[in-house]
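K.L.:
what follows is a predicted protein model with its sequence.
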There are 2 protein chains.
Amino acid sequence: MDTCDIDTPFALVDLDRLEANIVKLQRYLDAHRIANRPHIKTHKIPEIAHMQLAAGAIGITCQKLGEAEVMAQAGIRDMFLPYNLLGAAKMERLARLARRVNLSVTADNEIVVAGLSAAMTAANLTLAVLVECDTGGKRCGVQTPEQAAQLARRIVGSPGLRFAGLMTYPSGPQTDPFVRETKALLATSGIAVDRVSGGGTPGMWRAHETHEVTEYRAGTYVYGDRSQVNNGAMTLDECALTVVATVISRPTNGRGILDAGSKALSSDMPGLDGYGMILEYPRARIYALSEEHGHVDFNACARAPVIGERVTIVPNHVCVVSNLFNQVIGARAGLVEVMWPVAARGLMQ
Amino acid sequence: MDTCDIDTPFALVDLDRLEANIVKLQRYLDAHRIANRPHIKTHKIPEIAHMQLAAGAIGITCQKLGEAEVMAQAGIRDMFLPYNLLGAAKMERLARLARRVNLSVTADNEIVVAGLSAAMTAANLTLAVLVECDTGGKRCGVQTPEQAAQLARRIVGSPGLRFAGLMTYPSGPQTDPFVRETKALLATSGIAVDRVSGGGTPGMWRAHETHEVTEYRAGTYVYGDRSQVNNGAMTLDECALTVVATVISRPTNGRGILDAGSKALSSDMPGLDGYGMILEYPRARIYALSEEHGHVDFNACARAPVIGERVTIVPNHVCVVSNLFNQVIGARAGLVEVMWPVAARGLMQ
């Protein structure tokens, strides 16, 4: 089947580019002896996770328990869940998962550690727990090396748990000093830090500059998007996922309306001068989105498209875009090779 | 099952409020003799569409052919698809649908009219087509009454099509003059305008002020959201859908992190002072979203939540939020009555 025969709007994955992106990051991390643990939150597709493992990744990263369960069902046996998991229901699911796969998680506070310990003890399991550190990301994470060391000691002293290292997102200039100070504090208690997990697609080509990082979690790099082009991590020619849309109306000379709106492109990152880049009309601007309409200003273009014409859009933030589609179309040279269900999307929990 | 036993994050629908919202708009439109044709894009759930019909709606409105197909499968037999449909694949699906249900669509240009006419003629069907008019919405739609009349005449002259009236979104002060002028132009050709379809939840309680409108399409009103509270169309107590989340981290005194991010709340309408309102902490501000983390500033609150505490969020824009979940939980007084698959979400096309 030719991709031209697929009705719009749909998410199209260029398989050559996808494969090249997977190989490129793997080679770079291999060259710097950093373990590759790609984040599947971007694609949520088991087969792509298997492609990443086949290329040399040591395991995967998931952001939700539901994602991890889907990946386990697809036969993946090594996964990291860098998220504070809480509550009876999640603890039961976590124990079931920990029995089946080589699993590690994170914690940034004692309440999470206590919950994990109780659940793993009751299940007669031992779970690897890393301490999440805020090294500038200002999201989750302990705030100081002292807090990191204290929580690590708490994990060491908790039945059912094994202290497995430190984790941060994104890793960057503040990471090495934070990790070294934490290591020094823990060394006095005879506690070693074997694993330091860093991540982020924007900083992936500088991963080797953060010397303490032993493994790297990147997600967006498989597909690429406009934000990654904008920050210089990837080129436009490396963007593997596009949204194919049709021009359905030309109400005025300058205005065109696409059949892709916020339910296909998402409203993420409008600061990037509109909601995506139209490859055939790079000077056009997607200036507004309704749910099923993209509003485009074609005034800056030499010519504007006719009604019925197809256009190809590089989205601003691909992780939230792939999450909007039940399936993506994988193609090579315009021919469909695979229709992948986005298996781990839309899950509660 | 108690809703407390459902793991977060999830979308919770208060069934009492949902039913009250459906009844309230129906009564208002009945009182003003305006036909009610609710837009199902907000909920995408067949059973809710049936509730709307049972309350007195004359049919439903869908925004995508895929939504209409799902609703037809659920037994709904009257639907309006106010969208420019184009291309061979959609024409084939449209003909299949038109055979099964009482269907009407819109067009705002001659290319769409020609495509519809060819498809319906080939299928030996007659399709009702309304002319979409831009009466201030600046999305799709013909720009002037002259253009509207011209396109209506084209529809009248097209085999397989029946001119069925005018449609606009949102309807408002510019609608009546536009419609009256178009009617006058068409009267000279002996063409009557029997149906004028208006819509929009923000303006629903002023629908009767636009005298030419014969039917009204509102979508968001079933659930309500922060944007509708903000524009005065609904009260906070009428908001029927909330996202229930857990506080998973308190990295600093003022900062709290929720397990609901842009894949649960969407990034829509950040201009509403953050990405949703936390009912238990109305002075808190969801100032940023990662994909699976909500970043909250609790500094303005008398107290901040503890780790593990649940919070209830009224989202900014509910239509894109319900679209993010595979299912929503319908409950009354804290007890689960139904788990509805969001059947028409995530569809390509």
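P.N.:
Done, it's in.
K.L.:
which residues sit in contact with the most centrally placed residue in chain A?
P.N.:
Chain A has A:Gly219 as the residue nearest its centroid, 3.3 Å off, counting by CA atoms, centre = their mean. Residues in contact with A:Gly219 (CB atoms under 8 Å, 6 or more residues apart in numbering or on different chains) are A:Pro38, A:His39, A:Ile40, A:Lys41, A:Thr42, A:Thr61, A:Gly199, A:Thr201, A:Cys319. No exception for glycine: its C-beta is placed from N, CA and C like everyone else's.
K.L.:
apply 7 Å and report the result again.
P.N.:
A:Pro38, A:His39, A:Lys41, A:Thr42, A:Thr201, A:Cys319 (CB atoms under 7 Å, 6 or more residues apart in numbering or on different chains).
K.L.:
so which of those are in helices?
P.N.:
Counted as lying in helices by DSSP state H, out of the contacts of A:Gly219, are A:Cys319.
K.L.:
can you check the contacts of A:Gly219 and name whichever has the most neighbours?
P.N.:
A:Pro38 (30 neighbours; other CB atoms under 10 Å in any protein chain shown).
K.L.:
show me where the stretch 201-349 of chain A has its strands.
P.N.:
A:215-217, A:241-249, A:255-258, A:277-278, A:285-289, A:294-297, A:310-314, A:327-332, A:335-341 (DSSP state E, counting those that start in this stretch).
K.L.:
in chain A, which ranges drop under the pLDDT threshold?
P.N.:
A:348-349 (pLDDT under 70).
K.L.:
among the strands of the stretch 201-349 of chain A, which comes closest to chain B?
P.N.:
Closest of those to chain B is strand A:241-249, at 4.2 Å (criterion: CB to the nearest CB).
K.L.:
contact partners of that closest one?
P.N.:
Against strand A:241-249 from outside (CB under 7 Å, 6+ apart): A:8-13, A:223, A:256-260, A:264-265, A:294, A:305, A:307-315, A:318, A:321-322, A:328, B:84, B:86-87, B:108-109, B:140.
K.L.:
show me which residues of the stretch 1-150 of chain A sit near chain B.
P.N.:
Contacts of the stretch 1-150 of chain A with chain B, taken as CB under 7 Å from any CB of the partner chain, map to A:7-10, A:41, A:63-64, A:84, A:86-87, A:89-90, A:108-109, A:111, A:134, A:139-141, A:143.
K.L.:
what about burial for the residues you listed, which qualify?
P.N.:
Taking 16 or more other CB atoms under 10 Å in any protein chain shown as the criterion, what is buried in the residues of the stretch 1-150 of chain A next to chain B is A:7-10, A:41, A:63-64, A:84, A:86-87, A:90, A:108-109, A:111, A:134, A:139-141, A:143.
K.L.:
narrow those to those in helices?
P.N.:
Going by DSSP H, the helices hold A:Lys90, A:Ile111 from these.
K.L.:
now the buried members of the contacts of strand A:241-249.
P.N.:
Using 16+ other CB under 10 Å, the buried ones in those are A:8-13, A:223, A:256-260, A:264-265, A:294, A:305, A:307, A:309-311, A:313-315, A:318, A:321-322, A:328, B:84, B:86-87, B:108-109, B:140.
K.L.:
residue boundaries of the strands in the stretch 1-150 of chain A?
P.N.:
Under DSSP E, counting those that start in this stretch, the stretch 1-150 of chain A gives strands at A:10-14, A:35-36, A:60-61, A:78-81, A:102-107, A:127-133.
K.L.:
who are the packing partners of the longest one?
P.N.:
Which is strand A:127-133. Using 3 or more CB pairs under 7 Å, 6 or more residues apart in numbering or on different chains; DSSP states H and E, the elements in contact with strand A:127-133 are strand A:102-107, helix A:110-123, helix A:145-156, strand A:161-168.
K.L.:
give me the buried positions along that strand.
P.N.:
Neighbour count says strand A:127-133 has A:Leu127, A:Ala128, A:Val129, A:Leu130, A:Val131, A:Glu132, A:Cys133 buried, by 16+ other CB under 10 Å.
K.L.:
same deal with the fourth one?
P.N.:
If you call a residue buried by 16+ other CB under 10 Å, then strand A:78-81 has these buried ones: A:Met79, A:Phe80, A:Leu81.
K.L.:
put the alpha carbons of it into PDB.
P.N.:
Taking C-alpha atoms only, strand A:78-81 is exported to PDB below (Å, rounded to 0.1, in the frame of the first residue of the first chain):
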ATOM      1  CA  ASP A  78      14.900  -5.200  31.600                       C
ATOM      2  CA  MET A  79      13.200  -1.900  32.500                       C
ATOM      3  CA  PHE A  80      13.700   1.200  34.600                       C
ATOM      4  CA  LEU A  81      10.700   3.100  35.900                       C
END
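K.L.:
residues in contact with it?
P.N.:
Under the criterion CB under 7 Å, 6+ apart, residues A:37, A:58-62, A:65, A:68, A:71, A:101-105, A:197 lie in contact with strand A:78-81.
K.L.:
now the buried members of those.
P.N.:
A:37, A:59-62, A:65, A:68, A:71, A:101, A:103-105, A:197.
K.L.:
nearest to chain B among these?
P.N.:
Nearest to chain B among those, with distances taken as CB to the nearest CB, is A:Leu65, at 8.4 Å.
K.L.:
so that closest one touches A:Lys90, yeah?
P.N.:
Yes. The criterion here is CB atoms under 7 Å, and A:Leu65 meets it with A:Lys90 at 5.8 Å.
K.L.:
how much distance is there from stretch A:159-168 to the middle of the chain?
P.N.:
22 Å (CA atoms, centre = their mean, to the nearest Å).
K.L.:
for stretch A:103-116, that is, sorry about that
P.N.:
21 Å.
K.L.:
could I get the CA-only coordinates of it as CSV?
P.N.:
This file holds the C-alpha atoms of stretch A:103-116, laid out as CSV (Å, rounded to 0.1, in the frame of the first residue of the first chain):
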residue,chain,number,x,y,z
LEU,A,103,13.1,-3.9,37.3
SER,A,104,14.5,-0.8,38.9
VAL,A,105,12.6,2.3,40.1
THR,A,106,13.3,5.6,41.8
ALA,A,107,12.3,7.4,44.9
ASP,A,108,12.8,11.0,46.1
ASN,A,109,11.3,10.7,49.5
GLU,A,110,10.9,8.4,52.5
ILE,A,111,7.2,7.9,52.0
VAL,A,112,7.8,6.3,48.6
VAL,A,113,10.7,4.2,50.1
ALA,A,114,8.5,2.9,52.9
GLY,A,115,5.7,1.9,50.5
LEU,A,116,8.1,0.1,48.2
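K.L.:
got the residues of the stretch 201-349 of chain A near chain B?
P.N.:
Residues of the stretch 201-349 of chain A lying near chain B (CB under 7 Å from any CB): A:246, A:248-252, A:257, A:262-263, A:266-268, A:290-293, A:295, A:307-308, A:319-320, A:323-327, A:346-349.
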